[in-house]
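Asker: no sequence on this one, just coordinates:
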RNA sequence: CGGGGCGUAGCGUAGCUCGGUUAUCGCGUCUGCUUUGGGAGCAGAAGGUCGCAGGUUCGAAUCCUGCCGCCCCGACCA
């Protein structure tokens, strides 16, 4: 008998850590700060990749792959970019090992020192823009709409599975445009695309907004973000889109000849989502019994569990389930039959609940006799026994209902935890005791933002795009402000 | 890098203060039987360089020295 998970209300972070491991998403690697994404977790990532990749293709983007290593000299061309990442870069200094004098251990060969050190990419702007210099000559080469799916390394101090690890997987889009407005529109288009896909497939309600200057990506003119609010009241940045202006074009000398024959620097964007989204799925939807996956990205949408006493019963029941499976698969539904004889049904029920499979189907001797079948919804735990012939109709109906319900549930929670605050005492109290998105006036200065962060650990998550103009006074300084921003403690 | 803690079987641990037969217990694993509609029961078995190196001692998981690794708190961050 396995011990139950820690409860969210007792210890949210212990609940998260244990759930991620026990549901088979990932585990800590023996390499400090790195994670092993296990098959079930990776299957979710593949689904996420598939839906985003399709959306990128639809908007005209194409995939490519750039090197993991970036020569130090490339990296240092854009000053603020360097400053932003310098503290967390892994550096390759040598290219050979040799056997040590003891004849057993392996040491770095000091004679094999690289003449130019290589940075393991924390992001690829440097290598990509140095390439764009060669690819872009004329307005006919624009826009350049390239994406890559890759891994990056950022030497973090404190790590957590999916939320912050030394190495993580992501997608980074890098585009170049002939005009400023086209680049600005591209950054916004991708932000909207992120929100649409996250909402429609991952069932994540998100707030779109602008990052403050302080929270902006190093090297960007403007950083947009999609911010999610987790069940414990802390915010999670779920994706970003940057308008880069001509900063990288100037740093890497990327120019094109326009229709009038004049040479100009191009305008750029970059945008990304990461394996952190899997962490968001967990912290947004899961409950004390385990994961709850949105049907549209669940690797297994329906799990079927046979219940039997004898080998003869087992054969008949599995046969019936296999025919049900065939019927569902024909409708594009992913179905797993777990007919392992080494685990009992009760164990399997608990296990697939923990894994967040949207619908569980059970078939036993009684069902078989009456030609009925039992279904259980993961999100509501609702149980229903229906005639077998109605199975696919019921499953399709429920998959849709579950997708809608968990989005609605997450949205309601976000709305309940989004509060308008006008005085600093209340602000501090709310942040300390319940978290949430706090809509407050801010005087627009980095100094104020930093003071608030220091005193409350809350940061400006974003300046919401759909916010309204509204005269008010900064919650900290009392200075005039014309719109509310979102404060929260963040992951 | 500053402050605190911990290294004993795949995982979690007792023992260490006060040295003494074969290193404790639980989970997991394996075998057999009974079970199977909500995380099975019983019986048996396998599994250990007690983080590493040195020292003290008749004798070290336990005491001493050095080293290594990891975890927690702080600065950084998708």
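Answerer: Structure's in. What do you need? What you see is a predicted model, and the numbers here were worked out from it, not measured in a lab. Numbers count the residues shown, from 1 in each chain, chains lettered A, B, ... in the order given.
Asker: tell me the bridge partners for the closest residue to residue A:322 other than its chain neighbours.
Answerer: Leaving out its chain neighbours, the residue that sits closest to residue A:322 by Cβ to Cβ, 6 or more residues apart in numbering is residue A:337, at 6.6 Å. From N, CA and C alone the C-beta is placed, and that goes for glycine too. Residue A:337 forms beta bridges with residue A:304, as assigned by DSSP bridges.
Asker: likewise for residue A:263?
Answerer: Here residue A:263 sits in beta bridges with residue A:257, going by DSSP bridges.
Asker: was I right about the residue nearest to residue A:322 contacting residue A:321?
Answerer: Yes. In this structure, residue A:337 is within contact of residue A:321 by Cβ atoms under 8 Å, at 5.2 Å.
Asker: quick one: residues in contact with the helix or strand of chain A with the lowest mean pLDDT.
Answerer: Between all helices and strands in chain A, the lowest mean by mean pLDDT, DSSP states H and E belongs to strand A:106-108, at a mean of 78. Residues outside strand A:106-108 that contact it (Cβ atoms under 8 Å, 6 or more residues apart in numbering): A:94, A:96, A:97, A:98, A:99, A:100.
Asker: tell me the buried residues in that strand?
Answerer: The neighbour-count check on strand A:106-108 (16 or more other Cβ atoms under 10 Å) flags nothing as buried.
Asker: what lines up beside it in the sheet?
Answerer: Counting by DSSP bridges, the strands paired with strand A:106-108 are strand A:97-99 (antiparallel).
Asker: pLDDT on the partner strand, on average?
Answerer: When pLDDT is averaged over strand A:97-99, the result is 81.
Asker: can the top helix by length along chain A be found next to RNA strand B?
Answerer: With secondary structure taken from DSSP state H, chain A has its longest helix at helix A:391-416. No. Helix A:391-416 does not reach RNA strand B (Cβ under 7 Å from any atom of the strand); its nearest approach is 13.1 Å.
Asker: over to the residue sitting nearest the centre point of chain A: give its phi and psi.
Answerer: When Cα atoms, centre = their mean is applied to chain A, the residue found nearest the centroid is residue A:277 (1.8 Å). Backbone torsions of residue A:277, given as degrees, to the nearest 10, read phi -60, psi -30.
Asker: read off the pLDDT value for it.
Answerer: pLDDT, residue A:277: 96.
Asker: quick one: the contacts of strand A:106-108 as a markdown table, columns for distance to RNA strand B and neighbour count too.
Answerer: As requested, the contacts of strand A:106-108 are exported to a markdown table (distance: Cβ to the nearest atom of the strand, whole Å; neighbours: other Cβ atoms under 10 Å):
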| residue | distance to RNA strand B | neighbour count |
| --- | --- | --- |
| A:94 | 18 | 13 |
| A:96 | 21 | 10 |
| A:97 | 17 | 11 |
| A:98 | 20 | 12 |
| A:99 | 19 | 11 |
| A:100 | 15 | 11 |
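Asker: ok, and the closest non-adjacent residue to residue A:72?
Answerer: residue A:117 (4.9 Å).
Asker: what is in contact with residue A:337 and residue A:321 at once?
Answerer: Residues touching both residue A:337 and residue A:321 (Cβ under 8 Å, 6+ apart): A:304, A:306.
Asker: which one of these two has more residues nearby?
Answerer: Higher neighbour count among residue A:337 and residue A:321: residue A:321, with 23 against 18, using other Cβ atoms under 10 Å.
Asker: got the contact list for the more buried one?
Answerer: So residue A:321 contacts A:304, A:306, A:337, A:339, A:361, A:363 (Cβ under 8 Å, 6+ apart).
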